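In: heads up, no residue letters with this:
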Ligand code: ADP
């Protein structure tokens, strides 16, 4: 039998144990209180709104001061209400977590304050399990200011786009306004030059012609530059023969080189494929700029164009590497960087010997970048004698420009070289036995009409003229059939697009054959060609009219090759 003292000891131990337990639970309670007050002070002081919702009933069971402030109500006005009264009013029955089973929802929603005013919020919701019950923990921030800033940015973007669109329209109109009179000046000068003239008259006319060309080239540079600025310069994508395109432009440049007694050498490596897809006109523009500069800044020696194949990224595409070397004055080290900047020229003094807008290289750089390439100036500067077919013999250190372009390869190129060879300036009028084609000319501008009529008659064709689209539709109906129509695009009463659509509709109604229609447009903006084709036209001649191109296009259409 245990002694009374043993019993007492046990009892005392038990009491001590109980005291320790009580001490522990006091300690735990204290720790819990501290922890609660720690987290409460965090939740109370934070700027983020927080609400706790019973997932089953959707009733708000707690909200921190930031949430109360956003809702503009006291905690007691919020707790006990269904969450959708304030948060996501439109998502009743479609709560991503409670209704759709998502684990987490992060989204932009709307919060309704106590007065029913909508506030945009960014919120995150997660599920919390406590004592076998599910709760939704929603935290959110007010994004009113961010939304406002976004709207301002969108409005500014919209305004900028509208301004840009009106700039483009202005550009298109300016282009038309400038090219129309230039067409008259250059075209009629050409016609006069083809007639018999006294010596001094011919000299003056040649001067007018060359001044016209220079003016046109400056205007084209400025228009191109504005298009680049407006982000409106886009490239065509047509199949072309690379060698024919290069040969065509080099032949024109050769005239200038010959005048200065410079040799113009071109070398295209044999492995460069001929059928390519791209914008031959814009590629030619870069070549004209670089070779034109090389000729301009070289007094003696030669200019050399070389084309090699770069690393091929795929069999369907080529990287072409062009090099243009000259033996001219060269470019000093301090000017190397700035020459690619707009309006920059190495020599800006009043005594400078060379004309130009200073835009050519900027435009070229942009064009080659659009073609996926690059342009740079060789830092070695001096062309090496005997290399790459270029001979030394110049007056300075010379300049060496490089540029690259990426172009897709085509197997069935509609090559420029496939077209009928361009007519020579001095070609004799068509022979009498050749069928006299009847051409309807639709042109509102008197000077341009005179010019086109003269060119048509000089080819031995017959021409009838009308002054707007409405008259053209009537002429086709009443005086046809014609072999072709030359249709100005911008005309009073009825423009060229509308007239073409009307003529095509007439053809379908009356079951006439197809009447070839060639657009005469002074816009020369990207998309004009597509617009002409869409309106039902067959081809397109850009103003100012070059006699060579005019005759080639009309012949092609008359021969049914278009
Ligand atoms: P510009 O219409 O003045 O020729 P570019 O942009 O084509 O405009 O050329 C800018 C400048 O770069 C020229 O004015 C000239 O100073 C310099 N430059 C370009 N090409 C050559 C070259 N082949 N030799 C010497 N200087 C050149």
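Out: Yep, that arrived. Here the structure is a predicted model, which means the values were calculated and not measured.
In: what ranges do the helices span in the stretch 451-562 of the chain?
Out: In the stretch 451-562 of the chain, the helices defined using DSSP state H, counting those that start in this stretch lie at 469-479, 496-510, 528-534, 547-558.
In: for residue 314, find the nearest of those.
Out: Nearest to residue 314 among these is helix 528-534 (27.3 Å), distances taken as Cβ to Cβ. Using the backbone N, CA and C atoms, a C-beta is placed for each residue, glycine as well.
In: what's that closest one packed up against?
Out: Helix 528-534 makes packing contacts with strand 517-521, strand 539-542 when contacts are defined by 3 or more Cβ pairs under 8 Å, 6 or more residues apart in numbering; DSSP states H and E.
In: average pLDDT for it, rounded please.
Out: Here helix 528-534 scores 78 as its mean pLDDT.
In: contacts for it, please.
Out: Defining contact as Cβ atoms under 8 Å, 6 or more residues apart in numbering, one finds that helix 528-534 is touched by 236, 489, 497, 519, 521, 539-540, 542.
In: count the neighbours of residue 375 for me.
Out: Using other Cβ atoms under 10 Å, residue 375 has 21 neighbouring residues.
In: how about the contacts made by the spatially closest residue to it that is not a sequence neighbour?
Out: Using Cβ to Cβ, 6 or more residues apart in numbering and skipping residues adjacent in sequence, the residue nearest residue 375 is residue 403, 4.0 Å away. Residue 403 makes contact with 286, 290, 321-322, 364, 368, 373-376 under the criterion Cβ under 8 Å, 6+ apart.
In: repeat that for 6 Å
Out: 322, 368, 373, 375 (Cβ atoms under 6 Å, 6 or more residues apart in numbering).
In: now, these that are in strands?
Out: Counting by DSSP state E, these place 322, 375 in strands.
In: could I get the contacts of residue 403 as a markdown table with distance to the ligand and pLDDT?
Out: Output for these, formatted as a markdown table (distance: Cβ to the nearest ligand atom, whole Å; pLDDT from 0 to 100):
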| residue | distance to the ligand | pLDDT |
| --- | --- | --- |
| 322 | 14 | 97 |
| 368 | 13 | 95 |
| 373 | 17 | 93 |
| 375 | 11 | 94 |
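In: of the contacts of residue 403, just the buried ones, PyMOL syntax please.
Out: The buried residues among those can be selected in PyMOL (16 or more other Cβ atoms under 10 Å) with this line:
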select buried, resi 322+368+373+375
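In: just to revisit the earlier point, and the contacts of helix 528-534 as CSV, adding distance to residue 71?
Out: CSV is the format used below for the contacts of helix 528-534 (distance: Cβ to Cβ, whole Å):
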residue, distance to residue 71
236, 60
489, 62
497, 59
519, 65
521, 63
539, 69
540, 65
542, 66
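In: so, low pLDDT: which residues of the stretch 401-550 of the chain?
Out: Scanning the stretch 401-550 of the chain for pLDDT under 70 picks out 411-435, 523-528.
In: need phi/psi at whatever residue of it ends up closest to the ligand.
Out: Residue of the stretch 401-550 of the chain nearest the ligand, by Cβ to the nearest ligand atom: residue 401 (6.7 Å). Note on residue 401: backbone dihedrals following degrees, to the nearest 10 are phi -100, psi 140.
In: try residue 262
Out: Main-chain torsions, residue 262, degrees, to the nearest 10: phi -100, psi 150.
In: could you check the pLDDT of it?
Out: pLDDT, residue 262: 95.
In: quick one on the thing from earlier: how many neighbouring residues does the residue of the stretch 401-550 of the chain closest to the ligand have?
Out: By the measure other Cβ under 10 Å, the count of residues near residue 401 is 24.
In: any idea what it is bridged to?
Out: Counting by DSSP bridges, residue 401 forms beta bridges with residue 324, residue 377.
In: that one and residue 334, how far apart?
Out: 18 Å (Cβ to Cβ, to the nearest Å).
In: give me whichever of the helices of the stretch 451-562 of the chain is most buried.
Out: helix 547-558 (a mean of 20; mean count of other Cβ atoms under 10 Å).
In: just checking, what packs against that one?
Out: Applying 3 or more Cβ pairs under 6 Å, 6 or more residues apart in numbering; DSSP states H and E, we find helix 547-558 packed against strand 539-542.
In: return the list of helices and strands in contact with the strand it packs on.
Out: strand 517-521, helix 547-558.
In: not counting sequence-adjacent ones, nearest residue to residue 121?
Out: Sequence neighbours aside, residue 140 is the residue nearest to residue 121 in space, at 4.3 Å (criterion: Cβ to Cβ, 6+ apart).
In: fine by me, we can end here.
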